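K.L.:
what shape does this take:
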Amino acid sequence: MKLAGTAMLALYVSIGATGAQPTNFEHVVVIVQENRTPDNLFYALCNTQHCSTQPDSKTYNIQTTNWLDKDAQGGVIQPTPAPLASNFGAGHGHPAFVIMCDLNPQTHNCRMDGAGGDTCRNCPPNAEFTYVDNSQHVVDPYLFLATNYGWANYMFQTNQGPSFPAHQFLFGATSAPNPSDDHRGTFDAENMGNSPKVGAKNIYGCIAQPERSVQLIDANGQEKKNNRIYPCFEHKTLGDLLDRKSFTWRYYTPGAGDLWSAPDAIRHICKPVGGRCTGALWRNNVALNPVAVLQDLRSCQLRNVSWVIPSGQFSDHPRIDTNLGPSWVAAVINSIGGSPCRNADGSSYWDSTAIIVTWDDWGGWYDHEPPKFLPYPEGGYQYGFRVPMIFASAYTPKGYINNERQDFGSVVRFIEFNFGIPMGKLTFADARSPRNLGQFYDLSRTARKFQPVPALVFPFGPGGAKFKLEAPDDD
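P.N.:
Numbering: from 1, shown residues only. Alright, predicted model coming up:
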């Protein structure tokens, strides 16, 4: 059923108000974190939960010993702990994907034993074979969410590279410059890298300096030296589909021209003039401050769909994070769950919101689970390594573990489905993904009472510490 925004308000009736069941979520909030794998970030989960590399419906697919390393004696290495706020980070461009994958030409499967072979800045030995040390309970908010809501054992980033293309997939289901490129398997594969012509700072998207370019990759997985393009693309996005149906959306980001700011790279949304995005879609829907999502929640202005991108120090990106990433995610979710705001029908934000927490790419860290390659042409680049994903809602069973293969296209398909948009409408990864996250919730269930996510600190919003917006590292 296709629903206009005002029609959805009428159809969504809270359980508390009338006893009727909702037909869909009024709000979807996609919280994006940075550069982690399940084996790296959720290792501590296995201290209290059943973990195995052959999971069932009650088992988390996390490997805690004998990580594969073709360069180690015996071909395996035992992981060692490292702080979440580490001062080192591994390369995670497409060349790093190729090394870590270590493709078996006979089976066409990744051996997953090549971590450590790509550039690793300021790294100790075997840095990629570390897991996050939770002895100070820094990642407890994530462990709480994974055990109290829905966990995806098989969530894969829908690209074989770093953050810039990953955020394009989360917003528009492709990193291709245009629809024709997507359908023939040509994608943006990389971030930009610095150019001495214009200084150290990279500006991304349609307001980038004229000299800037990003590397394209073809359907055969080849990054040819001169196959580069200015980082300004033109195709429809999920934002366009929502706008056309009169649903509201907002993209919270730490700054214009940031590599995490996906709408900036879509020409008809940005409409660049004089080094600034001026388009109405951009001005009405892009917030240049991640903490604005907390302000919108306090003022009861939560949009139908929100993408929440952290400021650098609130991310889990190595070398720039300050251990605040888990507390940041907890702050956003607690602001939704504890909100006194009501929708037009009287339903609460908690009873009407689906929250998706995922990480944009693997960041160069080890993970044991190989990607599943799709047929060409799109499959030449589209499927990357595993990343964590949590689905939280009032209708998600506690401790639910999903063993279906998901990807960023699944997130886009779910949002399409939830708002009555034909799934696959963009004809990109949303059309190629076989899933739409429908198994993570059951709207016929009684709404669960919200439990606040425990966090070590709450430095956000009124009374919180002041901070300066920071972009991520340029990788």
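
K.L.:
secondary structure class of residue 330, three-state.
P.N.:
helix (DSSP: H, G, I helix; E, B strand; the rest coil).

K.L.:
what's the distance between it and residue 250?
P.N.:
Distance, residue 330 to residue 250, using Cβ to Cβ, to the nearest Å: 20 Å. No exception for glycine: its C-beta is placed from N, CA and C like everyone else's.

K.L.:
again with residue 215
P.N.:
Computed as Cβ to Cβ, the residue 215 to residue 250 distance reads 30 Å.

K.L.:
and the helix or strand containing residue 99, C-alpha only, in CSV?
P.N.:
If you go by DSSP states H and E, residue 99 is part of helix 94-101. Provided in CSV are the C-alpha atoms of helix 94-101 (Å, rounded to 0.1, in the frame of the first residue of the first chain):
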residue,chain,number,x,y,z
HIS,A,94,39.9,-1.3,-2.3
PRO,A,95,43.6,-2.4,-2.5
ALA,A,96,43.3,-3.3,1.2
PHE,A,97,40.1,-5.3,0.4
VAL,A,98,42.0,-7.3,-2.2
ILE,A,99,44.8,-8.1,0.2
MET,A,100,42.5,-9.1,3.1
CYS,A,101,40.2,-11.1,0.9
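
K.L.:
other residues contacting the very next helix or strand once past that helix?
P.N.:
As assigned by DSSP H and E, the chain's next helix or strand after helix 94-101 is strand 103-104. For strand 103-104, contacts defined as Cβ atoms under 8 Å, 6 or more residues apart in numbering pick out 109, 110, 111.

K.L.:
closest to residue 221 among those?
P.N.:
Nearest to residue 221 among the contacts of strand 103-104 is residue 110, at 12.4 Å by Cβ to Cβ.

K.L.:
I'd say that closest one and residue 372 touch.
P.N.:
No: the criterion here is Cβ atoms under 8 Å, and residue 110 misses it with residue 372 at 9.6 Å.

K.L.:
neighbour count for those two, which is higher?
P.N.:
Neighbour count, other Cβ atoms under 10 Å: between residue 110 and residue 372, residue 110 has more, with 20 against 13.

K.L.:
and that one, how far is that from residue 360?
P.N.:
Taking Cβ to Cβ, one finds residue 110 at 20 Å from residue 360.

K.L.:
same question, residue 387
P.N.:
Distance of residue 387 to residue 360, given as Cβ to Cβ: 7 Å.

K.L.:
so what sits against both of these two?
P.N.:
Joint contacts of residue 387 and residue 360 (Cβ under 8 Å, 6+ apart) are residue 157.

K.L.:
quick one: average confidence on stretch 40-49?
P.N.:
Here stretch 40-49 scores 97 as its mean pLDDT.

K.L.:
what is the end-to-end distance of that stretch?
P.N.:
16 Å (Cα to Cα, to the nearest Å).

K.L.:
for the stretch 101-250 of the chain, just list every one of the strands.
P.N.:
For the stretch 101-250 of the chain, applying DSSP state E, counting those that start in this stretch gives strands covering 103-104, 109-110, 120-121, 130-132, 150-152, 155-156, 187-188, 214-217, 228-229, 249-252.

K.L.:
and the nearest residue to residue 44 once chain neighbours are set aside, what does it touch?
P.N.:
Excluding the flanking residues, the one nearest residue 44 by Cβ to Cβ, 6 or more residues apart in numbering is residue 134, at 3.7 Å. Contact analysis of residue 134 by Cβ under 8 Å, 6+ apart lists 43, 44, 47, 140, 143.

K.L.:
which pair in the residues you listed spans the largest distance?
P.N.:
43 and 140 (13.3 Å).

K.L.:
and these two? Which one has more around it.
P.N.:
Ranked by neighbour count (other Cβ under 10 Å), residue 43 and residue 140 place residue 43 first, with 22 against 18.

K.L.:
may I have the phi/psi pair for that one?
P.N.:
Main-chain dihedrals, residue 43, degrees, to the nearest 10: phi -50, psi -40.

K.L.:
surely it is in contact with residue 135?
P.N.:
No: contact criterion Cβ under 8 Å: residue 43 and residue 135 do not qualify, at 11.7 Å.

K.L.:
helices of the stretch 151-300 of the chain, start to end?
P.N.:
Taking DSSP state H, counting those that start in this stretch as the criterion, the stretch 151-300 of the chain carries its helices at 163-172, 179-183, 238-244, 267-270, 280-285, 292-298.

K.L.:
point out the most buried one among those helices.
P.N.:
Of the helices of the stretch 151-300 of the chain, the one with the most neighbours on average (mean count of other Cβ atoms under 10 Å) is helix 163-172, at a mean of 28.

K.L.:
below-threshold pLDDT in the stretch 1-150 of the chain: ranges please.
P.N.:
1-21, 116-119, 121 (pLDDT under 70).

K.L.:
swap in 90 and give it another go.
P.N.:
1-23, 71, 86-93, 103-109, 114-127 (pLDDT under 90).

K.L.:
ranges for the helices of it?
P.N.:
So, for the stretch 1-150 of the chain - with DSSP H, counting those that start in this stretch - the helices run 5-11, 15-18, 38-41, 94-101, 140-148.

K.L.:
phi, psi of residue 114?
P.N.:
When read as degrees, to the nearest 10, the backbone of residue 114 gives phi -110, psi 10.

K.L.:
count the neighbours of the closest residue to residue 55 other than its chain neighbours for me.
P.N.:
Counting by Cβ to Cβ, 6+ apart, the nearest residue to residue 55 once its immediate chain neighbours are dropped is residue 61, at 4.3 Å. As a burial measure, residue 61 scores 23 neighbours (other Cβ under 10 Å).
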